[in-house]
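> here is a sequence together with a model predicted from it:
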Amino acid sequence: MKRELFDAIESYMYSCMDGSAHDTQHVYRVLWNGLQIAATETDVDYDVLIAACLLHDIGRPEQLADPTLCHAQVGEEKAGDFLAGLGLEEDFIQKVCHCIRTHRFSNRCTPRTIEAMILFDADKLDVTGLIGIARTLQYQGQNDHPLYTLRPDGLPSDGTADPAKSFFQEYKRKLEPLYDTFYTASGAAMAQQHKKAAEAFYSTLYRQVCQGIQEGKATLADILE
């Protein structure tokens, strides 16, 4: 990719990005992940991949303002208009747009090209391990979601099948099953390297919360008449 084109795309990405958990550093981590995965694959169009990595989350502000919108679909439209304005070929634009449209796991849109598969995996890698934990906590705080909810017995729910929003619920709903959703062998291997750290953090935090509540209630019961 020519430096001039990279700079133009990067500058447009900066003008679109908003939010703490999905910020410009998330975009760069996805790009770095994508380049690592691409090095293990064949016939990768690096121009398509780099453009898609830089632009994959430019629809986030619109989704944040209106949760009924899908940032992948909005981003696809914005990217298409922007790249067309640069006078780029339609085939290139369509390949980039396909990557952006299919990068979101909840879309259920299947990536059909190696570049789209790499972007999907590179984006999901940034939700694995302790980076994924940190970003999820950041996002939960930004949206005023609690760390945990309580079961009828007064102890914290571990998040399993919990309808109420919380960090524990998001971990069980999204983070825990994420490791079986990768398309590339190198992406899956990288994710597995991060998995144990995330599991240890969650289990330790859950035990600590439960222990604090149980011991606190027992102490209070002894004090109160």
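Here it is on my side, so go on.
> show me where pLDDT drops low in this structure?
19-21, 107 (pLDDT under 70).
> where along it do the helices fall?
3-16, 24-38, 46-55, 60-65, 71-85, 90-102, 114-125, 129-142, 167-170, 185-223 (DSSP state H).
> figure out which of these is closest to residue 154.
helix 185-223 (7.2 Å; CB to CB). (Glycine included, C-beta is placed from N, CA and C.)
> could you check the angle helix 129-142 makes with the closest one?
60 degrees (axes from the mean of the first three to the mean of the last three CA atoms, to 10 degrees).
> tell me which other helices or strands helix 185-223 touches.
helix 24-38, helix 114-125, helix 129-142 (3 or more CB pairs under 8 Å, 6 or more residues apart in numbering; DSSP states H and E).
> and the residue nearest the centre of the chain?
Nearest to the geometric centre of the chain sits residue 127, at 4.8 Å (CA atoms, centre = their mean).
> just give me the neighbour total for the residue nearest to that one when sequence neighbours are not counted.
Leaving aside its sequence neighbours, residue 127 sits nearest to residue 178 (CB to CB, 6 or more residues apart in numbering; 6.0 Å). When neighbours are counted by other CB atoms under 10 Å, residue 178 registers 18.
> equivalent analysis for the one 10 residues further on, please.
Using other CB under 10 Å as the criterion, residue 188 is surrounded by 17 other residues.
> who's in contact with it?
121, 179, 182 (CB atoms under 8 Å, 6 or more residues apart in numbering).
> highest neighbour count among the residues you listed?
Busiest of the contacts of residue 188 [other CB under 10 Å] is residue 121, holding 25 neighbours.
> touching, that one and residue 187? I think so.
Yes. Between residue 121 and residue 187 there is a contact at 3.1 Å, judged by CB atoms under 8 Å.
> overlap in contacts, these two.
33, 37.
> how is the protein carved up into domains?
1-120, 127-225 (automatic domain parsing).
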